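[1] missing the sequence, but the structure's below:
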């Protein structure tokens, strides 16, 4: 009972903390956009698979987004192998831990664990921070061990702090400023990250569209069945009522 009272008292604090967390923009998730998923698959294999793996995903999954085996082998499997292979990384976990302090996590289900909006914000919110081991930090995941591997595309951001009066209180405001442009404009980089997150989300639930289609058919079937059962019920009970 005492524990329940403590949890009840702490619940408002948890809600307050959640409301004051990092701002998360809505990620552009659309599993029907095959072009976006194909671009995301290309970018995932080019930029993510060098350190991270997706061991629950096989390359043949890309057949479902409109890519042939020949396209997959030629454009997305730089290290060779077969289309039926899993998306593994060549870097050994012990080497990764030595270089980064922690082994890079598997990304196969990362979008389901963190959420696509979190990933969309995380990949756009890196900034320079000389106090960290890698020289990079992140507003969504402070003190992150991962360096900004996409800085050449996005450019270099810095964190600027200022104060603002809100309801008579002085509040510290932080914002990211692009100090050095990258190869892409901000709009192009946002689209790039959107495609990447779209594919990462797809990896975690590749049969989402099929599940929805099956669900619609099941609901239609149940609707027709309900009408038939209701008519049958009226026929059986008409003499009683």
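    In hand now; what should we look at? Quick caveat, the model's predicted, so the values are computed rather than measured. Residues are numbered from 1 along each chain as shown.
[2] tell me how far the lengthiest helix in the chain lies from the chain's centre.
    Longest helix in the chain by number of residues, with DSSP state H as the criterion: helix 208-237. Offset of helix 208-237 from its chain centre (CA atoms, centre = their mean, to the nearest Å): 35 Å.
[3] helices or strands up against that helix?
    On a contact count with 3 or more CB pairs under 8 Å, 6 or more residues apart in numbering; DSSP states H and E, helix 208-237 meets no helix or strand. Where you see a C-beta, it was placed from the backbone N, CA and C, and this is true even at glycine.
[4] how about 10 Å then?
    Applying 3 or more CB pairs under 10 Å, 6 or more residues apart in numbering; DSSP states H and E, we find helix 208-237 packed against helix 186-204.
[5] give the buried residues for the helix it packs on.
    For helix 186-204, the neighbour count (16 or more other CB atoms under 10 Å) marks 189-190, 192-204 as buried.
[6] quick check: mean pLDDT of that helix?
    For helix 186-204, mean pLDDT rounds to 96.
[7] who does that helix touch, helix- and strand-wise?
    Against helix 186-204 (3+ CB pairs under 10 Å, 6+ apart) you get helix 34-43, strand 54-58, helix 110-114, helix 116-122, helix 151-154, strand 169-181, helix 208-237.
[8] pLDDT of the third one, averaged?
    Across helix 110-114, the average pLDDT comes to 92.
[9] can you tell me what sits against that helix?
    Residues from elsewhere that reach helix 110-114 (CB atoms under 10 Å, 6 or more residues apart in numbering): 27, 29, 48, 52, 54, 105, 107, 116-122, 140-141, 197-205.
[10] same question for that helix: list its buried residues.
    Here helix 110-114 shows 110, 111, 114 as buried, counting by 16+ other CB under 10 Å.
[11] tell me how far residue 50 lies from residue 107.
    Taking CB to CB, to the nearest Å as the measure, residue 50 falls 12 Å from residue 107.
[12] the more surrounded of those two?
    residue 107 (24 against 14; other CB atoms under 10 Å).
[13] doesn't that one fall inside a helix?
    No. Counting by DSSP: H, G, I helix; E, B strand; the rest coil, residue 107 is located in no helix; its state is coil.
[14] what about the closest residue to it other than its chain neighbours, how many residues nearby?
    Excluding its sequence neighbours, the residue lying closest to residue 107 (CB to CB, 6 or more residues apart in numbering) is residue 52, at 4.7 Å. Per other CB under 10 Å, the neighbour tally for residue 52 reads 20.
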